[in-house]
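>>> What shape does this take:
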Amino acid sequence: MKSDKPFLERYFYDPTLLQKGLIFALYPFSLIYQGIATLKRKMAKKHDFKIPLISVGNLIAGGSGKTPFILEIAPRYQEVAVISRGYQRDSKGLVVVSVKGNILVSQQTAGDEAYLLALKLKQASVIVSEKRELGVLKALELGAKIVFLDDGFRFNFNQFNLLLKPKTPPYYPFCLPSGLYRESIKSYKEAHLVITEDKDYKRITSISHPTKRMLLVTAIANPSRLDAFLPKEVVKKLYFRDHAPFDLKLLEKEFYQNNATSLLVTSKDLVKLQDCNLPLSVLDLKLEICPKILEQIDHYILSYPCNTKEHL
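Numbering: from 1, shown residues only. Purely as a prediction, here's the structure:
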């Protein structure tokens, strides 16, 4: 836990001279990673599920806004299922998190992002599965006519590939471990739509229940991207690793040491603080998406004979 910018965020976005040396020392491993990732996707067996399958993905590991994007577009349609890996969940295999808004499992079983999707999407079903093809088959079994894949670009499915591109790219356009890319930056050309932040969508934020002295507590990737949205009432920032669980005793200690009047958390962090007795302020994030992007998604969905305008 750190109160300043985490080491990995500095490494990928604003490296020191020493870190640059490490980056280039590791570059051969980045080339190997890049080759394996691309070959794995392209050589995988092709799946065609005969329904509209929309993948909301990114080339950069973490922090591009996939979950808020799905939260914004999925409610526009009927008979929808969302499939996620369920990163850092306590469970394994396929788990049905919710069926048309009826939540069936705990946040720990679902993972924080999948649980947030289940909470917000009242008419959709949410499924977590490492094997996305099994998740799609379960979605069909549940009656879904449209499926959204959270982070599905790396799968060889017959799908509509959306790639989100953040306004601030990593310092070097390298793959892990020398950069933050999971495939070559040239893979943007393989997407049906590349959706760029502040061009094709904008982040709109608001704070629910603000107070005079807020202690920021977050466990998201690249947490300093929140800085542009933070009010002057934030007295300290506590950054934890992405998806990390929170130690409530530690939060209580920091709360009183800093004379805070509330914890400021994101919606994704909030689902892990259901047992927290401290006052909470919530940094709500929504996306404003360009109408042309929405029209192209509509066009793809309506291209399937099984879907009509009643699904929009």
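>>> can you give me the strands for this structure?
53-57, 80-84, 95-99, 102-103, 125-128, 146-150, 160-165, 193-196, 201-208, 214-218, 234-239, 262-266, 280-289 (DSSP state E).
>>> Counting by contacts, list what the second one packs against.
Helices and strands touching strand 80-84, by 3 or more Cβ pairs under 8 Å, 6 or more residues apart in numbering; DSSP states H and E, are helix 112-120, strand 125-128, helix 132-141, strand 146-150. C-beta: built from backbone N, CA, C; applies to glycine.
>>> let's see it at 6 Å
strand 125-128, helix 132-141, strand 146-150 (3 or more Cβ pairs under 6 Å, 6 or more residues apart in numbering; DSSP states H and E).
>>> and Y201, what does it touch?
Residues in contact with Y201, defined by Cβ atoms under 6 Å, 6 or more residues apart in numbering, are 287, 289.
>>> Span of stretch 143-163 from start to end?
End-to-end distance for stretch 143-163, by Cα to Cα, to the nearest Å: 27 Å.
>>> ok now it, how far from the chain's centre?
14 Å (Cα atoms, centre = their mean, to the nearest Å).
>>> For stretch 40-57, which residues meet the burial criterion?
51-57 (16 or more other Cβ atoms under 10 Å).
>>> is it possible to export the residues you listed to CSV including pLDDT and distance to L215?
Shown next, in CSV, are the buried residues of stretch 40-57 (pLDDT from 0 to 100; distance: Cβ to Cβ, whole Å):
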residue, pLDDT, distance to L215
I51, 93, 45
P52, 95, 43
L53, 96, 41
I54, 97, 38
S55, 96, 37
V56, 96, 32
G57, 94, 33
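>>> I'd like to know how many residues surround the nearest residue to F246 once chain neighbours are set aside.
Leaving aside its chain neighbours, F246 sits nearest to K272 (5.7 Å; criterion: Cβ to Cβ, 6 or more residues apart in numbering). Residues within reach of K272, counting by other Cβ atoms under 10 Å, total 20.
>>> Identify the residues contacting L263.
With Cβ under 6 Å, 6+ apart, L263 has these contacts: 215, 217, 278, 280.
>>> Most neighbours among those, please name it.
Neighbour max across the contacts of L263 (other Cβ under 10 Å) = V217, 27 neighbours.
>>> what sits against that residue?
Applying Cβ under 6 Å, 6+ apart, we find V217 in contact with 238, 263, 265.
>>> for it, which residues make a bridge with it?
V217 forms beta bridges with L238, as assigned by DSSP bridges.
>>> Offset the numbering so it begins at 38, please.
New numbering, starting at 38: the last item is V254.
>>> Just the pLDDT for it.
pLDDT, V254: 96.
>>> and the gap between it and D306?
Going from V254 to D306 by Cβ to Cβ, to the nearest Å gives 7 Å.
>>> In stretch 210-229, which residues are buried?
Within stretch 210-229, the residues scored as buried using 16+ other Cβ under 10 Å are 211-222, 224, 228.
>>> Equivalent analysis for stretch 320-337, please.
320, 322, 324, 326, 330, 333-335, 337.
>>> In these, which has the lowest confidence score?
Out of the buried residues of stretch 320-337, that is L322, at 86.
>>> Would you check that that residue makes contact with F106?
No: if you go by Cβ atoms under 6 Å, L322 and F106 don't touch, sitting 10.6 Å apart.
>>> Counting residues, which helix of this structure comes out longest?
helix 64-80 (DSSP state H).
>>> which residues are in contact with it?
Here helix 64-80 makes contact (Cβ under 6 Å, 6+ apart) with 191, 193, 211-215, 219-221.
>>> which residue packs closest to L158, ignoring adjacent ones?
With sequence-adjacent residues excluded and distances taken as Cβ to Cβ, 6+ apart, L158 is closest to A111, at 5.6 Å.
>>> Test my guess that that neighbour contacts A118.
No: using Cβ under 6 Å, A111 is not in contact with A118; the gap is 9.2 Å.
>>> Looking at those two, which is more packed in?
Of the pair A111 and A118, A118 is the one with more neighbours under other Cβ under 10 Å, namely 29 against 21.
>>> What count of nearby residues applies to P43?
Using other Cβ under 10 Å, P43 is surrounded by 18 other residues.
>>> Contact partners for it?
P43 neighbours (Cβ under 6 Å, 6+ apart): Y276.
>>> Look up how far A256 lies from it.
P43 is 11 Å from A256, by Cβ to Cβ.
>>> before we move on, back to that, from the contacts of L300, pick the one nearest I183.
I183 lies nearest to L317 out of these, by Cβ to Cβ, at 33.6 Å.
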